[in-house]
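> after the sequence you'll find the predicted model.
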Number of protein chains: 2
Amino acid sequence: MAVSVTLSLEDVRSLSTEVLIANGMSQANADVITDVVTQAEADGTHSHGLFRVPGYVSSMRSGRMDGKAIPEVSDAGPGLVSVDSKNGFSPPAIVAGKPMAIEKAKSQGIAALGIRNNGNLNALWWEAEHFGNVGLICLTMSTSQSFVAPWGGDKALFGTDPIAFACPREGKPPMVFDYATSASARGEIQVAARDGHSIPEGWALDKDGNPTTDPAAALEGVQLPFGGHKGNAIMIMVELLSAGLTGGNFCFEAQEQVDAFGGHDAGPSNAGQIFILIDPKGFHETFLHRVESLFERILEQDGTRLPGDRRYANRARSATEGVECPAALHQQILDMRAG
Amino acid sequence: MAVSVTLSLEDVRSLSTEVLIANGMSQANADVITDVVTQAEADGTHSHGLFRVPGYVSSMRSGRMDGKAIPEVSDAGPGLVSVDSKNGFSPPAIVAGKPMAIEKAKSQGIAALGIRNNGNLNALWWEAEHFGNVGLICLTMSTSQSFVAPWGGDKALFGTDPIAFACPREGKPPMVFDYATSASARGEIQVAARDGHSIPEGWALDKDGNPTTDPAAALEGVQLPFGGHKGNAIMIMVELLSAGLTGGNFCFEAQEQVDAFGGHDAGPSNAGQIFILIDPKGFHETFLHRVESLFERILEQDGTRLPGDRRYANRARSATEGVECPAALHQQILDMRAG
């Protein structure tokens, strides 16, 4: 049997749509989630592409997540939009809140979009890029499950608590970065475990609180913040803004709800996510030119690159060449088509 | 001669005020800067206390900074306040813009305060705490001079680009963190050089691009981002938001202006700083209770503490015990009283 199969992006899209709908997702929600999955594959961030489809399915099959949820959008103030995901996945909630959030950011100069009661298995850059594409600066943060010890401790409390940022550019796709504020993404450790690779030192402690490079031991133990006490402070901010502020669950609370369902399916329960959106034209008109002058200075040094450039290169290639999917994962997803 | 002298906080305040005014600062600006200096001493962040007074003085004596600048506040949109520091130091500009920024954050739910054309030698927590004290979440970032290589490069481009965050608490001072997004603050390396200590690996490269633990070699070379490529991405965001957005100088531009004045005095020219202010009551009323539930979970693990707690402990102690100042620094400042 082949180790991997080559799929066109259209293959990815139709497979994801079919499997999600067969397992209880509405057509409208499946269209959005499938776009997230397909874009992740196109950009080479496989840890958030087809790899996540079994997680979407299992969390609907257990009854913990509602694939048919219809998000509820509220006007929470002149600069605030609040979306209750109604126990659905984040991307449809973000799509629902986006028009009002964009209108407020452009009329007020700055706005916040808060999402709560959502599950998330998606990469944040997908959402940040959408806001960058309409000329807005976007800073977004999200909670997940409890995987990471606070600095100095050894028990899971924070999530991988990702942060993403998009900066619009003139005539080019936005500069977007997206990373877990843990030393690694959960998905990176899961992929290392699946592929039999070790993980770098500093990513995790085992279940006894000792440093480990074994991904299986790391998944049983606890992950660590990136960048020591500074990354730890960023993680506290992510928890406070994405959950404390919006009304979503802190990661430790999401984990308690997941555990109450047996803890075997994927993603958090009733999580939260915050978007801070700024119209750069509010302060002065030359922002887009200023941005390029900074980027030119970065790129003139050998060995540097802009965050996201590797993804955009992957995207250009996969549009014609398709993407590789591990054969076992592909078969696992095919087997889920029966629902 | 004694190695250090003990000063009451009132001693610090009167010495700073006298020296700043004698060297060309207005009374109004000296009152604000002196509060920054005195609070930094009280909180034990000596790298931003009296240690900075000679820098304030030298940058006024060279004519590069204007100690008598009167900041100009503009209403830049329903959610935006823009302050032109008029080549003065940041704290008076922030104090000038604060009332309008607070009013907008509380009426809109979120607001941004942009400062430009400022010099900064101050710690950001002083400002973040002020916003936390009136019930607002505050995220602030600032540019400085060119000290830090972008990830993969070996030439100075970014500043130490600090980021600070304040979260209000009920019946307690705000939780505030504040750190350079370089691996260390510039001041930490300067203090190590002054005191003859080495610096940790990973903080800097020497002028030939080699790793160094010698603070003098580090000051001639280049600093590094904290947390590898993730910290590098944060630094790009700090430059874009605090300078690109507000109309202030990127660090490399500020450095060019400083160099044009001989490069011998302290702090950047025409820098920028951004504040993002959020009223947490905008989304729901229970935020302050939610915050405490997260902090309790962090603190129940042995070995953890909240960011800023050490500063608050120092503050309580220094109010009665005063602070220690190196005798040589004290004498240097005394000698500046003649103007």
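Structure received.

> what about A:Val57, neighbour count?
When neighbours are defined as other CB atoms under 10 Å in any protein chain shown, A:Val57 has 24 of them. For glycine as for every other residue, the C-beta is placed from the backbone atoms N, C-alpha and C.

> also A:Tyr179?
By other CB under 10 Å, the residues close to A:Tyr179 number 22.

> list the contacts for it?
A:Pro162, A:Ile163, A:Ala164, A:Ala185, A:Phe226, B:Lys230, B:Ala233 (CB atoms under 8 Å, 6 or more residues apart in numbering or on different chains).

> isn't the second one up against A:Leu124?
Meaning A:Ile163. Yes. Here A:Ile163 reaches A:Leu124: they are 7.5 Å apart, a contact under CB atoms under 8 Å.

> need the worst-confidence member of the contacts of A:Tyr179.
pLDDT across those is lowest for A:Ala185, at 80.

> circling back to that earlier point, CSV for the contacts of A:Tyr179, including secondary structure, neighbour count and distance to A:Thr6?
Formatted as CSV, the contacts of A:Tyr179 follow (DSSP: H, G, I helix; E, B strand; the rest coil; neighbours: other CB atoms under 10 Å in any protein chain shown; distance: CB to CB, whole Å):
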residue, secondary structure, neighbour count, distance to A:Thr6
A:Pro162, strand, 26, 29
A:Ile163, strand, 25, 33
A:Ala164, strand, 25, 29
A:Ala185, coil, 22, 25
A:Phe226, coil, 26, 34
B:Lys230, helix, 22, 32
B:Ala233, helix, 25, 32
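
> okay if I get these as JSON lines plus distance to A:Ser8?
Formatted as JSON lines, the contacts of A:Tyr179 follow (distance: CB to CB, whole Å):
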{"residue": "A:Pro162", "distance to A:Ser8": "28"}
{"residue": "A:Ile163", "distance to A:Ser8": "32"}
{"residue": "A:Ala164", "distance to A:Ser8": "27"}
{"residue": "A:Ala185", "distance to A:Ser8": "26"}
{"residue": "A:Phe226", "distance to A:Ser8": "35"}
{"residue": "B:Lys230", "distance to A:Ser8": "33"}
{"residue": "B:Ala233", "distance to A:Ser8": "31"}
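
> name the nearest of those residues relative to B:Phe158.
Comparing the contacts of A:Tyr179 against B:Phe158 with CB to CB places B:Ala233 closest, at 11.3 Å.

> who's in contact with the closest one?
A:Phe165, A:Phe177, A:Tyr179, A:Pro307.

> if you set the cut-off to 10 Å instead, what comes out?
By CB atoms under 10 Å, 6 or more residues apart in numbering or on different chains, B:Ala233 lies in contact with A:163-165, A:175-179, A:306-308, B:151, B:181, B:225, B:227.

> same check, this time on A:Ile137
A:105, A:110, A:128, A:131, A:165-168, A:174, A:276-280, A:287, A:291, B:237, B:240-241, B:244-245.

> what about the spatially closest residue to it that is not a sequence neighbour, how many residues nearby?
Excluding its sequence neighbours, the residue lying closest to A:Ile137 (CB to CB, 6 or more residues apart in numbering or on different chains) is A:Ile278, at 4.3 Å. Residues near A:Ile278, counting by other CB under 10 Å, number 28.

> give me the pLDDT value at A:Ile278.
At A:Ile278, pLDDT is 98.

> try A:Ser198
A:Ser198 is given a pLDDT of 96.

> ok, it to chain B distance?
Separation of A:Ser198 from chain B (CB to the nearest CB, to the nearest Å) stands at 18 Å.

> that residue contacts A:Ala204, correct?
No. Between A:Ser198 and A:Ala204 there is no contact under CB atoms under 10 Å: 11.1 Å.

> overlap in contacts of A:Ile163 and A:Leu124?
Residues touching both A:Ile163 and A:Leu124 by CB under 10 Å, 6+ apart: A:Thr140, A:Met141, A:Ser142, A:Phe177, A:Asp178, A:Tyr179, A:Ala180.

> hang on, the first one is in a strand, isn't it?
Same thing as A:Thr140. Yes. Counting by DSSP: H, G, I helix; E, B strand; the rest coil, A:Thr140 is found in a strand.
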